[in-house]
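In: got a predicted structure plus its sequence, pasted below:
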Amino acid sequence: MARTIRQVVVLGANGAMGAGSGAVFAAAGLQTVFLARSREKAEAGVAKAEGAVKSTALRAFIEAGSYDDDFDRTVAAADLIFEAVGEELSLKRELFARVDAVRAPGSIVATVSSGLSIAQMCEGRSDDFRAHFLGMHFFNPPTVITGMELIPHAGTSPEVTAAVRELLNARCGRMLIETTDTPAFAGNRIGFRVLGEVAQLAQEHGPVKLDALLGPHTGRAMPPLATIDFVGWDVHKAIVDNLHAHTDDEAHAAFALPAYMQRLIDAGHLGAKTPAKGGFFRTEGKGKEARALALDPRASQPGTYRPVAELAYELPAFVREMKQALRVGRYARAWDVFCEAQGADAELMRKVILGYLSYGLGLVGSVVRQVRDVDRIMGWGFNWAPPGLLADLIGPARAVNLLERAGLMVPGVLTAAAASGAPLFTEPHADRGRFLFA
């Protein structure tokens with residue numbers, strides 16, 4: 001039987017993911033140790049956790065410590081050792097060797113990695129370590145986003161997977177899915193296929209036009225290029241580089257980082273985390289003098305920004321019609337407009353959204369078991385309209401025809417739905433309107 005989880009140690013607790021994940025554990029009433037390179041850094045992580053939940057009550061469940069003074073004692077006593085250090089395989093493997101030397105047999109070890117190989121991380125570790133090791137991918141910020149991926153590797157004990165599933169579902173309130181141990185798992189693999197493609201298209205069409213065309217009316221809380229700025233260009237690069245290097249499917253080309261982005265990353269443009277330099281967008285000046293600027297990837301001089309006001313893109317009539325239908329809850333009508341609209345802008349929008357449907361639903365059977373898994377991680381992890389929901393609104397048979405016309409892969413689950421008439425989106429208590437707004 002898997003060990004009952006009462007005490008948790010978070011390694012790398014001063015980072016955003018470590019502090020946020022630690023806050024989730026502590027809020028569930030688990031005694032949680034925040035460890036970092038120094039006690040001061042760990043205390044800073046505690047402060048981040050308290051700020052994330054806007055309560056100091058968490059402190060009753062948290063102890064702060066350092067790797068030098070508290071690692072062996074706290075790791076040996078832990079039921080769950082949760083690693084949240086930098087997304088670098090060698091760094092994680094080095095830390096896991098240290099964990100393996102002092103952990104108690106039967107204790108569970110987990111990584112928050114967003115896409116590295118779970119099996120590679122535990123290579124060379126003890127048999128007991130490997131049997132009790134898996135991925136627990138929280139999405140950022142963990143205290144807000146409930147969607148989460150659980151990733152056992154081939155050697156993970158089924159009892160361990162079941163115990164962690166119970167903890168995350170019942171005690172931590174996660175909207176949990178399980179994925180196979182494949183690059184970037186499910187959510188990031190689907191999401192960054194879209195983000196990567198839009199970043200490539202920005203060189204031709206510009207960021208202002210693309211974010212206007214692919215805004216909330218297409219089922220996302222934040223437009224795609226603004227999302228990359230929020231995530232950070234360095235993080236985006238790490239994810240798409242990993243996917244480009246380790247996948248070879250129909251989305252492979254979409255994971256190639258555009259050369260203009262690499263040049264700007266080299267010059268220190270990392271998105272919102274570098275406000276003076278920006279990413280696709282930045283703000284110049286303050287107060288009443290502030291003005292919004294957008295990157296011009298076509299300019300001969302890299303890093304050229306132009307006032308958004310000068311680059312104003314007038315929304316086509318079909319987008320305005322979609323927005324109006326969504327405002328009054330006519331969701332199916334909005335997606336009828338999406339399917340029937342004519343012109344280059346309509347084709348551009350459909351290229352991206354149909355690619356999302358094709359790739360997302362196409363991972364069913366290989367990366368995840370069912371459509372519901374894809375829908376949950378995209379809906380409650382990315383806060384994007386789930387692929388199954390969009391396919392239902394378009395109509396599975398019509399979606400099949402649109403994908404065939406676009407030369408995109410037609411997933412088997414979509415063909416089956418077109419034949420049977422059964423809905424793809426099966427969350428009975430979900431408010432569909434939370435994903436469909438103007």
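Out: Yep, that arrived. Residues are numbered from 1 along each chain as shown.
In: going forward, measure contacts between C-alpha atoms and count neighbours the same way
Out: OK.
In: report the contact partners of Phe425.
Out: By C-alpha atoms under 8 Å, 6 or more residues apart in numbering, Phe425 lies in contact with Val371, Arg372, Asp375, Pro386, Gly388, Leu389, Asp392.
In: need phi/psi at it.
Out: With angles defined as degrees, to the nearest 10, Phe425 sits at phi -90, psi 120.
In: who wins for most neighbours among the contacts of Phe425?
Out: Compared across the contacts of Phe425, Pro386 has the highest neighbour count, 29 neighbours, by other C-alpha atoms under 10 Å.
In: now that one: how far from Gly379?
Out: 5 Å (C-alpha to C-alpha, to the nearest Å).
In: what strand or helix carries the residue nearest the centre of the chain?
Out: Nearest to the mean C-alpha position of the chain, by C-alpha atoms, centre = their mean, lies Asn188 at 4.7 Å. Under the criterion of DSSP states H and E, Asn188 resides in helix 187-205.
In: how about the CA coordinates for that helix, as PDB?
Out: The C-alpha coordinates for helix 187-205 follow below in PDB (Å, rounded to 0.1, in the frame of the first residue of the first chain):
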ATOM      1  CA  GLY A 187      -1.500  20.900 -21.900                       C
ATOM      2  CA  ASN A 188       1.800  22.600 -22.900                       C
ATOM      3  CA  ARG A 189       2.100  20.400 -26.000                       C
ATOM      4  CA  ILE A 190      -1.300  21.500 -27.300                       C
ATOM      5  CA  GLY A 191      -1.000  25.100 -26.100                       C
ATOM      6  CA  PHE A 192       2.400  25.800 -27.400                       C
ATOM      7  CA  ARG A 193       1.600  24.300 -30.700                       C
ATOM      8  CA  VAL A 194      -0.900  27.200 -31.000                       C
ATOM      9  CA  LEU A 195       1.400  29.800 -29.500                       C
ATOM     10  CA  GLY A 196       4.400  28.700 -31.600                       C
ATOM     11  CA  GLU A 197       2.300  28.900 -34.800                       C
ATOM     12  CA  VAL A 198       1.000  32.400 -34.000                       C
ATOM     13  CA  ALA A 199       4.500  33.600 -33.100                       C
ATOM     14  CA  GLN A 200       5.600  32.400 -36.600                       C
ATOM     15  CA  LEU A 201       2.600  34.100 -38.300                       C
ATOM     16  CA  ALA A 202       3.400  37.400 -36.500                       C
ATOM     17  CA  GLN A 203       6.400  38.000 -38.700                       C
ATOM     18  CA  GLU A 204       4.000  38.300 -41.700                       C
ATOM     19  CA  HIS A 205       0.900  39.700 -40.100                       C
END
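In: now, the most widely separated pair of the contacts of Phe425?
Out: With C-alpha to C-alpha as the measure, no two of the contacts of Phe425 lie farther apart than Arg372 and Asp392, at 13.0 Å.
In: residues shared between the contacts of these two?
Out: In contact with both Arg372 and Asp392: Leu424, Phe425, using C-alpha under 8 Å, 6+ apart.
In: could you list the domains of the chain?
Out: As assigned by automatic domain parsing, the chain contains the domains 7-178, 187-273+313-434.
In: mind putting the ones you listed into TSV with distance to Gly303?
Out: Listed next are these as TSV, based on distance: least, C-alpha to C-alpha, whole Å:
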stretch	distance to Gly303
domain 7-178	27
domain 187-273+313-434	7
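In: ok, which of the ones you listed comes nearest Thr283?
Out: Across the domains of the chain, Thr283 has its closest neighbour in domain 187-273+313-434 (9.9 Å, C-alpha to C-alpha).
In: off-centre distance for that closest one?
Out: Relative to its parent chain, domain 187-273+313-434 has a centroid offset of 13 Å by C-alpha atoms, centre = their mean, to the nearest Å.
In: that older thread, can you tell me which of the domains of the chain is packed in deepest?
Out: domain 7-178 (a mean of 21; mean count of other C-alpha atoms under 10 Å).
In: my guess is Leu58 is in a helix, correct?
Out: Yes - checked against DSSP: H, G, I helix; E, B strand; the rest coil, Leu58 lies within a helix.
In: list the contacts for it?
Out: Residues near Leu58 by C-alpha under 8 Å, 6+ apart: Ala23, Ala26, Ala27, Ala49, Glu50.
In: filter those down to the ones in helices?
Out: Within the contacts of Leu58, residues falling in helices by DSSP state H are Ala23, Ala26, Ala27, Ala49, Glu50.
In: need the residues you listed in TSV (columns: pLDDT).
Out: Below are these laid out as TSV (pLDDT from 0 to 100):
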residue	pLDDT
Ala23	97
Ala26	97
Ala27	96
Ala49	97
Glu50	96
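In: phi, psi for Ala78 please.
Out: Main-chain dihedrals, Ala78, degrees, to the nearest 10: phi -80, psi 150.
In: if I look at it, how far off is Ile5?
Out: When distance is defined by C-alpha to C-alpha, Ala78 is 8 Å away from Ile5.
In: ok, now Leu214?
Out: Leu214 sits 43 Å away from Ile5, going by C-alpha to C-alpha.
In: got any residues that touch both of Ala78 and Ile5?
Out: Residues touching both Ala78 and Ile5 by C-alpha under 8 Å, 6+ apart: none at all.
In: low pLDDT regions in the protein?
Out: The chain contains residues with pLDDT under 70 at 1-2.
In: can you show me the strands along it?
Out: Using DSSP state E, the strands found in the chain span residues 7-11, 31-36, 62-66, 80-83, 108-111, 133-138, 147-152, 175-178, 281-284, 291-295, 305-307.
In: show me what the fourth one pairs with in its sheet, parallel or antiparallel.
Out: Using DSSP bridges, the strands paired with strand 80-83 in its sheet are strand 7-11 (parallel), strand 108-111 (parallel).
In: residues contacting Asp180?
Out: Not quite, residue 180 is Thr, not Asp. Thr180 neighbours (C-alpha under 8 Å, 6+ apart): Ile151, Pro152, His153, Ser366, Val367, Val368.
In: could you do Arg291 as well?
Out: Counting by C-alpha under 8 Å, 6+ apart, Arg291 has contacts Thr283, Glu284, Gly285, Pro307.
In: how close does it get to Tyr313?
Out: Separation of Arg291 from Tyr313 (C-alpha to C-alpha) stands at 17 Å.
In: Phe25 too?
Out: To Tyr313, Phe25 is 45 Å away according to C-alpha to C-alpha.
In: likewise for Met322?
Out: Taken as C-alpha to C-alpha, the span from Met322 to Tyr313 is 17 Å.
In: now swap in Arg98 and tell me
Out: 55 Å.
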